[in-house]
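**Q** Structure, please.
(chains A, B, C and D)
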2 protein chains.
Amino acid sequence: MPQDFDLETFLPYLLNQAAEATSKRFQASYKAAYGMTRTQWRVLANLGKFGAMTARDICTISHIEKTKVSRAVAALQADGLLTRTPNPQDRRAEFLALTLQGSAVFHDLGQKAIEYDLALRHSLGPDLAQKLDAVLRDLIAHGGDFIEDAD
Amino acid sequence: MPQDFDLETFLPYLLNQAAEATSKRFQASYKAAYGMTRTQWRVLANLGKFGAMTARDICTISHIEKTKVSRAVAALQADGLLTRTPNPQDRRAEFLALTLQGSAVFHDLGQKAIEYDLALRHSLGPDLAQKLDAVLRDLIAHGGDFIEDAD
DNA sequence: TTGACATAGTTGCGCTTGCAACTAATAACA
DNA sequence: TGTTATTAGTTGCAAGCGCAACTATGTCAA
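**A** Reported below is the predicted structural model:
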């Protein structure tokens, strides 16, 4: 009967703390300068990286829920950072693309993100940082696949 | 002019994804069985691990904001999982302690958490899992200390 | 004492989220 | 063709969260 559970060694807890700690600072970049949400920043970053695509594509690529994407897209459009173009082949869907202004924001924030990421990795050391990448990707891919009852 | 920012290699993003992926499944344990919030689960876990303490102590230990702690404590009390005892030395503060029922819940969830944690670590391999712990703790401690302008 | 400041904890408000239900368009197939 | 099932995207609602303001108590020092 192990009664010695310790939150401080619980992997999901540690991951959450680390994610919050590292995200918090960078959040200031897009929140203060552009009044953007994390979801908005991610949608922008995906469009900036991959070019025009539909909301559904963004969902698939980024694993963000469609509700969040929908609202983020509406907000980004309202701010003039992206445009929607109907797809004549499928009138349910719309192609999303960054405006010139949206691209400018993407380049500005992307630049800051790269610098921040480098600083973080620098503090960890190169090989550790690289291993961390692999481990995190592994957890992202398989982190929810163990316990078979739920869902 | 590096325009090649890629979200997929951005450490805060990876950490968030990994945290979400691993937390989601375990969340089912406390949400489905006890209708608890993540914050409630964390407060319960801290009280279970460290015994009676004040809300302020929980804030200090866990880095959860006092507002969240306050509301989680109220909810846990309403569910009969903890009791508040006024501190005669300082009538602003209250000692919080798990009830018998609260302890039972803590042991149940703690057990499940240990199992889940072991499964996660097993999938990573022992040495990698251990390194991950150290890296995450490092990021938690220093993850926000680089960029000096914000705040 | 009394007044200025600090601290424990709560509350109000606006915002983001998650979930389920919804609309509109398309696909599948008898 | 008509009927049903999928899919793209939106919306309503009930939370939870973050922040600032607030209450009540305690501290310090003139």
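
**Q** contacts and neighbour counts: CA atoms only from here.
**A** Will do.

**Q** Stretch A:85-105 vs chain B: in contact?
**A** No. Stretch A:85-105 stays clear of chain B (C-alpha under 8 Å from any C-alpha of the partner chain), getting no nearer than 10.1 Å.

**Q** what's the first-to-last distance across that stretch?
**A** Length of stretch A:85-105, first residue to last, C-alpha to C-alpha, to the nearest Å: 20 Å.

**Q** Contacts for it next, please.
**A** A:44, A:47-48, A:51-55, A:80-84 (C-alpha atoms under 8 Å, 6 or more residues apart in numbering or on different chains).

**Q** How many residues are close by A:Gln77?
**A** A:Gln77 has 18 neighbours, counted by other C-alpha atoms under 10 Å in any protein chain shown.

**Q** per-residue confidence at the nearest residue to A:Gly51 once chain neighbours are set aside?
**A** Spatial nearest neighbour of A:Gly51, excluding adjacent residues (C-alpha to C-alpha, 6 or more residues apart in numbering or on different chains): A:Ala97 at 6.5 Å. On the pLDDT scale, A:Ala97 is placed at 98.

**Q** is it true that A:Ala97 lies in a strand?
**A** Yes. Looking at A:Ala97 with DSSP: H, G, I helix; E, B strand; the rest coil, it is inside a strand.

**Q** Return the distance of it relative to A:Ala78.
**A** Using C-alpha to C-alpha, A:Ala97 is found at 13 Å from A:Ala78.

**Q** Among the two, which residue is more densely surrounded?
**A** Each of A:Ala97 and A:Ala78 has its neighbours counted (other C-alpha under 10 Å); A:Ala97 has more, 22 against 11.

**Q** Against B:Leu15, how distant is the more buried one?
**A** A:Ala97 is 27 Å from B:Leu15, by C-alpha to C-alpha.

**Q** Same question for A:Leu100.
**A** When distance is defined by C-alpha to C-alpha, A:Leu100 is 30 Å away from B:Leu15.

**Q** So for these two, which residue has more residues nearby?
**A** Shown here are A:Leu100 and B:Leu15; by other C-alpha under 10 Å, B:Leu15 has more neighbours (28 against 12).

**Q** which SSE is the spatially closest residue to the more buried one that is not a sequence neighbour in?
**A** Once flanking residues are discounted, B:Leu15 sits nearest to A:Ala19: 4.9 Å by C-alpha to C-alpha, 6+ apart. Assessed by DSSP states H and E, A:Ala19 sits inside helix A:11-34.

**Q** ok, and for that helix, which residues are buried?
**A** Neighbour-count burial for helix A:11-34 flags A:11-23, A:25-30 (criterion: 16 or more other C-alpha atoms under 10 Å in any protein chain shown).

**Q** For it, name the packing helices and strands.
**A** helix A:100-124, helix B:11-34, helix B:100-124, helix B:126-142 (3 or more C-alpha pairs under 8 Å, 6 or more residues apart in numbering or on different chains; DSSP states H and E).

**Q** between the ones you listed, which gets nearest to B:Ser62?
**A** Among the helices and strands packed on helix A:11-34, the nearest to B:Ser62 by C-alpha to C-alpha is helix B:126-142 (11.7 Å).

**Q** doesn't A:Leu76 make contact with A:Leu82?
**A** Yes. Counting by C-alpha atoms under 8 Å, A:Leu76 is a contact partner of A:Leu82 at 6.0 Å.

**Q** ok, the two, which is more surrounded?
**A** Between A:Leu82 and A:Leu76, counted using other C-alpha under 10 Å, A:Leu82 has the larger neighbour count: 23 against 20.

**Q** what's the nearest residue to the more buried one if we skip its chain neighbours?
**A** A:Leu98 (4.1 Å).

**Q** And for A:Ala52?
**A** Closest residue to A:Ala52 apart from its sequence neighbours, by C-alpha to C-alpha, 6+ apart: A:Ala97 at 4.5 Å.

**Q** Provide the partner residues of that neighbour in its beta bridges.
**A** Listed by DSSP bridges, the beta-bridge partners for A:Ala97 are A:Thr83.

**Q** For A:Lys58, which residues are in contact?
**A** One correction, residue A:58 is Ile, not Lys. Shown in contact with A:Ile58 (C-alpha under 8 Å, 6+ apart): A:43, A:46-47, A:64, A:69.

**Q** from the residues you listed, which are also near chain B?
**A** Contacts with chain B are made by A:Asn46 out of these, judged by C-alpha under 8 Å from any C-alpha.
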